[in-house]
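A.B. asks: I need the structure of the sequence given here:
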Amino acid sequence: MINCEEAKKVAIVGYNRIPFARINTAYMNASNQEMLVATLNGLIEKYNLQNEIIGEVAGGAVVKSSRESNLIRESAMNTLLDKAIDFVFFDIGGTLGDRDPRTGKLVPFPSTVSLLTAMRDVIRVPIGVITTLGSLKNSEGLALLEEAGLVGFLHANGFVSEHDVHEIAKPGHAIYQFAANHVEVPIGRCLYVGENLIEVIGAIAAGMQAVLKPCPPGRDLPI
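C.D. replies: Residues are numbered from 1 along each chain as shown. The predicted structure is shown next:
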């Protein structure tokens, strides 16, 4: 039961929607995301919210495809709102590729180069890595990325490992904070992308935005 003394007042100050249309007519070939993006962009333009940071975007659809599990997030990311991301850090192993057990070389996943290219050239966000190297030195980790053809995507200060923070590896808070400081971006405007759930939660707990990247088929449950 809600205590009226603690309830907060809210107000609806504006609205927007796409026009009504009969089923199987004007929107027959439009996806839920396309319709939602059009609605949100109309609202943004109507109230001059371009490049503003919004605390929360909520919504839904009566019927969704299995491909739309992140419908609201993906729609909001495709609007005119401030994306609130100035730097993106990736994990390496299991996220960008895997090391060949015979040669020790890093083998990028088939989607890695196109992913990093889109991040750099289309989204235009600087790229770095936050990785755990174990016995490898930072220079050796960079050499693996260079041999794999990935080092050219990295920001000059974008390579960070546990060796930079007194061997405090992920999911410890210190490594995420150091990475943000090293590239001179507020931690809340950095995004961490990795395949390890605990490391993703660690990034969020440290104040960094984070998203779990599924492994390619056959690597959904890494050992």
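
A.B. asks: please make it C-alpha for all contacts and neighbour counts, starting now.
C.D. replies: Noted.

A.B. asks: how distant is the longest strand along the chain from the center of its chain?
C.D. replies: Longest among the strand segments of the chain by residue count, using DSSP state E, is strand 154-161. Between the centre of strand 154-161 and the centre of its chain there are 17 Å (C-alpha atoms, centre = their mean, to the nearest Å).

A.B. asks: quick one: low-confidence parts of this protein?
C.D. replies: Residues of the chain meeting the criterion pLDDT under 70: 1-5, 53, 82-83, 216-223.

A.B. asks: which residue ranges of it form strands?
C.D. replies: Secondary structure of the chain (DSSP E): strands located at 87-90, 97-99, 106-108, 127-131, 154-161, 190-194, 209-212.

A.B. asks: any idea which of these is most buried?
C.D. replies: strand 190-194 (a mean of 25; mean count of other C-alpha atoms under 10 Å).

A.B. asks: mind listing residues that contact that one?
C.D. replies: The contact list for strand 190-194 (C-alpha atoms under 8 Å, 6 or more residues apart in numbering) reads 85-92, 94-95, 180, 200, 203, 208-213.

A.B. asks: before we move on, what about stretch 61-72?
C.D. replies: Here stretch 61-72 makes contact (C-alpha under 8 Å, 6+ apart) with 32-33, 57-60.

A.B. asks: buried residues in that stretch?
C.D. replies: By neighbour count on 16 or more other C-alpha atoms under 10 Å, the buried set for stretch 61-72 is 68, 71-72.

A.B. asks: so of those, which ones are in helices?
C.D. replies: Cross-referencing these against helices under DSSP state H gives 71-72.

A.B. asks: ranges for the helices of this protein?
C.D. replies: Using DSSP H, the helices of the chain run over residues 32-46, 71-77, 112-117, 138-147, 173-182, 197-206.

A.B. asks: residue ranges of each domain in the protein, please.
C.D. replies: For the chain, the structural domains run 11-82, 87-212, going by automatic domain parsing.

A.B. asks: separation between residue 188 and residue 118?
C.D. replies: To residue 118, residue 188 is 22 Å away according to C-alpha to C-alpha, to the nearest Å.

A.B. asks: who has more neighbours out of those two?
C.D. replies: Set residue 188 next to residue 118 and count neighbours by other C-alpha atoms under 10 Å: residue 188 wins out with 18 against 13.

A.B. asks: how about that one: what's its closest non-neighbour residue?
C.D. replies: Computed as C-alpha to C-alpha, 6 or more residues apart in numbering, the closest residue to residue 188 that is not its neighbour in sequence is residue 208, at 4.9 Å.

A.B. asks: wait, that neighbour touches residue 179, no?
C.D. replies: No: applying C-alpha atoms under 8 Å, one finds residue 208 not in contact with residue 179, separated by 10.2 Å.

A.B. asks: quick one on the thing from earlier: which outside residues touch the longest strand of the chain?
C.D. replies: Outside strand 154-161, the residues within contact range by C-alpha under 8 Å, 6+ apart are 89, 126-133, 138, 142, 169, 175, 179, 182-183.

A.B. asks: dump the residue contacts of the residue nearest to residue 198 when sequence neighbours are not counted.
C.D. replies: Residue nearest to residue 198 in three dimensions, not counting chain neighbours: residue 171, with 6.5 Å by C-alpha to C-alpha, 6+ apart. Going by C-alpha under 8 Å, 6+ apart, residue 171 touches 198-203.

A.B. asks: right, I'll leave it there.
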